[in-house]
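Trainee: Sequence and computational prediction follow.
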Amino acid sequence: MAAMISAERNLGALPARLWPVAGWRALATPLFGTKPYRLTLQRRPASSIRHICSESWPEDRAIGDGILDGALPFFGTVLPLGRAPWTAVPTGPRAASTLHRFAWLGDLAALGTSVAAERARELVAGWIACDRACTEPAWRADVLGRRLAAWLAASEFLFAGSEDGFRQRFLESTSMQARHLARVAPSVAGDVGGFAAAKGWIASALCLGVSNLNRALGFLEGEIDIQVLSDGGHAGRNPLGHAEVLRDLLDIRAALEAGGAEIPPSVQGAIDRMAPMLRAMRHGDGGLALFHDGFEGDRRVVDAVLARAAVRGKAPGAAPHTGFQRLAAGRTAVIVDTGPPPALGGAGAHASALALEVSDGRDRMIVNCGASGGDDLDWRNALRATAAHSTVTVDDVNSADLGREGSFRRHAAQVSAERREADGVVWLDTAHDGYKRRFGLVHQRRLYIDASGGDIRGEDVLDGAGGQMFRARFHLHPDVKVSLIQDGTAALLRLPSGAGWRFIAVGGALSIEESVYLGGGGRPRRAEQIVVGGPLNGAGAHLKWAIRREGERR
């Protein structure tokens, strides 16, 4: 047993990159549920909370009220949060992770009532009583990190009016969890979960004193090196994931300040780079663009993240390392995916090469279909398909070969972008070879936006001799009304603000088809899409299109 304990204690000392290579997670996980291993976690617990690492973000009191009623919202459904939810069989791994992260605890605390405090203590105490076996996903490093951070941030709320027995059980449990997290944090390195693990590890080191702060900071700095790119983007290429990482870094910075610890330059440097990039991924309504498993997100939280970052840098037009381009003029914003699927966090990556989104002020106009945050694998894979994005498909085949469980078997090897600007006008030339291996085709997309933002022009070229049929899709936000005009050769788009835009195309037949929208993170919404398609006939395709605001002078 001593040998096993020694090995387990040294797991966290392994370089993060060796966890998947050495298979340590697969080898060690069965040991985590054993009694000898749990004994290694039950050393002397912390005697008190040394510092409060608060998470002062906008809460949703409606969620708090729902928890009092026994229901937690979960991507268009509700999770039962009755008197003893920890003994129930979870509906799926994502649902279980949402429950065990306790990120919703702040929404309950926002109610500020004795009833809410009693309910929060009941849920925390119930978890402590039911879950000491280091099981997945409750004790997975990212879930564990979020839970520790949430519990410690809410500790004053939980302790107010509590009995000494609850405090003691709380300190014993958080100390155990913190020791386990310090050992297994490297198992989620290289993914957004690495920052969640780092935040919980650092919070427990500051608040409880049972973890090594320097080791935790070293792990965090390694994650920054791997995941935060030179242009400020996150390697996962998910705008919402980017916002979550930046939020975690801000919480870590605040915790270190509150604890009187030095803030590593890499942490402030990452914040300084990431804040302008977050602005680049926003539409005029304040929400985020929908790429690589991302949702619009909570606009209040995005506002708060940018305010707390206190970085004045403007949104960059080009992010060559992350693989996005932003064409902005007047009140119009065009955001384009000009990178290959991300190598990190690839399970959520989409086959979205050269997909674009367009907004006019606070109105989203052209969108991607979004993502499914639930446990329905069919929905998740359908929304990862190229056809769920505003780009070109060939024979209804994805531009990247999607694996059933969310991985990629093949994707574009080359995605390029060249940008030119003059007098407020922007030209963008892009291309990808995701269809080259199967069809011998290269997709080139050229975009233009004038200085007013009222004239957007595009050109899609399929260069090569393969394939039977192409289809260029322009998914519309559910609030956009569309109708065919000019004998079916053009489409009129009416936005909620009353603004009108005219879509015209040459080089393919134009039609309006049904679509679906899941960008809000809730239930699917019915939507429509403009589709321009035609035969390839061994000669490729050359499609020209334009979207012009009605009343614009041309």
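Mentor: Thanks, I have it.

Trainee: How much space separates the spatially most central residue of the chain from Gly373?
Mentor: Nearest to the geometric centre of the chain sits Gly241, at 2.8 Å (CA atoms, centre = their mean). Per CB to CB, to the nearest Å, Gly241 is found 12 Å from Gly373. Glycine gets a C-beta too; all of them are placed from N, C-alpha and C.

Trainee: what do you get for Val415?
Mentor: From Val415 to Gly373 the distance is 26 Å (CB to CB).

Trainee: now Val267
Mentor: Distance from Val267 to Gly373, by CB to CB: 28 Å.

Trainee: How is the protein partitioned into domains?
Mentor: 48-188, 318-549 (automatic domain parsing).

Trainee: quick one: pLDDT of Glu163?
Mentor: Glu163 is assigned 89 on the pLDDT scale.

Trainee: same deal with the one 4 residues further on?
Mentor: Reading off the per-residue confidence, Arg167 sits at a pLDDT of 95.

Trainee: Spit out the contact partners of it.
Mentor: Phe159 (CB atoms under 8 Å, 6 or more residues apart in numbering).

Trainee: Now distance to Met277 too, for the domains of the chain, in CSV please.
Mentor: Below are the domains of the chain laid out as CSV (distance: least, CB to CB, whole Å):
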stretch, distance to Met277
domain 48-188, 20
domain 318-549, 6
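
Trainee: Select, out of the ones you listed, the one closest to Ala255.
Mentor: Distance to Ala255, taken as CB to CB, is lowest for domain 48-188 among the domains of the chain, at 3.9 Å.

Trainee: Run the chain-centre distance for that closest one.
Mentor: 21 Å (CA atoms, centre = their mean, to the nearest Å).

Trainee: Give me the pLDDT for the closest residue to Glu418 other than its chain neighbours.
Mentor: Excluding its sequence neighbours, the residue lying closest to Glu418 (CB to CB, 6 or more residues apart in numbering) is Asp429, at 4.6 Å. We have a pLDDT of 98 for Asp429.

Trainee: With the one 3 residues further on instead?
Mentor: With respect to pLDDT, His432 has a value of 96.

Trainee: Could you do Ala13 as well?
Mentor: 42.

Trainee: got it, and the one 4 residues further on?
Mentor: Arg17 is assigned 44 on the pLDDT scale.

Trainee: buried ones in stretch 444-461?
Mentor: 444-450, 453-461 (16 or more other CB atoms under 10 Å).

Trainee: May I have it exported as PDB, CA atoms only?
Mentor: Taking Å, rounded to 0.1, in the frame of the first residue of the first chain, the C-alpha atoms of stretch 444-461 are listed here in PDB:
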ATOM      1  CA  GLN A 444     -11.900  29.800 -52.300                       C
ATOM      2  CA  ARG A 445     -14.000  32.500 -50.600                       C
ATOM      3  CA  ARG A 446     -13.400  36.100 -51.300                       C
ATOM      4  CA  LEU A 447     -15.200  38.800 -49.300                       C
ATOM      5  CA  TYR A 448     -15.600  42.600 -49.500                       C
ATOM      6  CA  ILE A 449     -17.200  45.100 -47.200                       C
ATOM      7  CA  ASP A 450     -17.500  48.800 -48.100                       C
ATOM      8  CA  ALA A 451     -16.700  51.600 -45.700                       C
ATOM      9  CA  SER A 452     -20.300  52.100 -44.700                       C
ATOM     10  CA  GLY A 453     -21.000  48.500 -43.900                       C
ATOM     11  CA  GLY A 454     -24.000  48.500 -46.100                       C
ATOM     12  CA  ASP A 455     -22.500  46.600 -49.000                       C
ATOM     13  CA  ILE A 456     -21.100  43.100 -48.500                       C
ATOM     14  CA  ARG A 457     -20.000  41.100 -51.500                       C
ATOM     15  CA  GLY A 458     -18.800  37.500 -51.800                       C
ATOM     16  CA  GLU A 459     -17.400  35.100 -54.300                       C
ATOM     17  CA  ASP A 460     -17.200  31.400 -53.800                       C
ATOM     18  CA  VAL A 461     -15.000  29.400 -56.200                       C
END
